[in-house]
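Undergrad: just the structure for this:
(2 chains)
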Amino acid sequence: AQRVTQPEKLLSVFKGAPVELKCNYSYSGSPELFWYVQYSRQRLQLLLRHISRESIKGFTADLNKGETSFHLKKPFAQEEDSAMYYCALVQRTSYGKLTFGQGTILTVHP
Amino acid sequence: DVKVTQSSRYLVKRTGEKVFLECVQDMDHENMFWYRQDPGLGLRLIYFSYDVKMKEKGDIPEGYSVSREKKERFSLILESASTNQTSMYLCASTQTPPFSGGSYNEQFFGPGTRLTVL
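TA: As a prediction, this is how the structure comes out:
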């Protein structure tokens, strides 16, 4: 069965420091992974997806199939990055059904 | 530019009441989903629908049912609300990829309904 694990419930960093939100997954097929973000009082929205290989708001995430990880990284955190972050894996055979991790609350202090 | 709407932001109900949560999307998406969001548990899928009148159970369907009579509308029903159903409920929609093996598009989420069952 597929599973997504985010080991950190809470992560605090200071502005300008590097940040890494961890995500590990288990999936028997070829994974398609996403990071979703929920800012305070806003709806959950897509941040980035691994197949796009983009940098969004300074964030990047590399799929490491050997380590079954999809960590989210940003070299210099900003206060506006404070939010809840979810890693998610899509089940390709089931209409885009997502399996989410438990979420990590990132707080960036001034 | 709102694409997924939910009927209520906040709802307070009593134990045993029948509760309806409505979700509407205007993107002509085939697939719609209901999740509940709880601290430390992330988002858990309750039910999803891949076409009108078609539905499948998610990971935690017990105590819930759904209805999809029109493509744009997906309703979540709590037949007899209980206190352990107090939660944030999120609706989402997405489009099926145009071909087999194609990449899935993002899911678009509604603002959520915070349900409190007393």
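
Undergrad: and stretch A:48-65, end to end?
TA: Using C-alpha to C-alpha, to the nearest Å, the gap from the first to the last residue of stretch A:48-65 comes to 18 Å.

Undergrad: residues in contact with that stretch?
TA: Residues from elsewhere that reach stretch A:48-65 (C-beta atoms under 8 Å, 6 or more residues apart in numbering or on different chains): A:23, A:31-35, A:47, A:69-76, A:78, A:81, B:103, B:106. C-beta: built from backbone N, CA, C; applies to glycine.

Undergrad: can you tell me which of those residues are in strands?
TA: Applying DSSP state E to those, the entries found in strands are A:33-35, A:47, A:72-74.

Undergrad: partner strands of the lowest-mean-pLDDT helix or strand in chain A, parallel or antiparallel?
TA: Lowest on mean pLDDT, DSSP states H and E among the helices and strands of chain A sits strand A:97-100, with a mean of 90. Using DSSP bridges, strand A:97-100 pairs in its sheet with strand A:83-91 (antiparallel).

Undergrad: show residues contacting the partner strand.
TA: For strand A:83-91, the surrounding residues in contact (C-beta under 8 Å, 6+ apart) are A:2, A:4, A:6, A:21, A:23, A:25, A:27, A:31-40, A:44, A:47, A:70, A:72, A:96-101, A:103-106, B:42-43, B:104.

Undergrad: ok, 6 Å please
TA: With contact meaning C-beta atoms under 6 Å, 6 or more residues apart in numbering or on different chains, strand A:83-91 is reached by A:2, A:4, A:6, A:21, A:23, A:25, A:27, A:31-39, A:96-101, A:103-106, B:104.

Undergrad: buried among those residues? Make that a PyMOL selection.
TA: The buried residues among the contacts of strand A:83-91 can be selected in PyMOL (16 or more other C-beta atoms under 10 Å in any protein chain shown) with this line:
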select buried, (chain A and resi 2+4+6+21+23+25+27+31+32+33+34+35+36+37+38+96+97+98+99+100+101+103+104+105+106) or (chain B and resi 104)
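
Undergrad: kindly report the residues of chain A close to chain B.
TA: A:43-44, A:46, A:51, A:90, A:95-96, A:100-103 (C-beta under 6 Å from any C-beta of the partner chain).

Undergrad: mind redoing it with 7 Å?
TA: Chain A comes close to chain B at residues A:9, A:32, A:43-46, A:51, A:86, A:90, A:95-98, A:100-103, as judged by C-beta under 7 Å from any C-beta of the partner chain.
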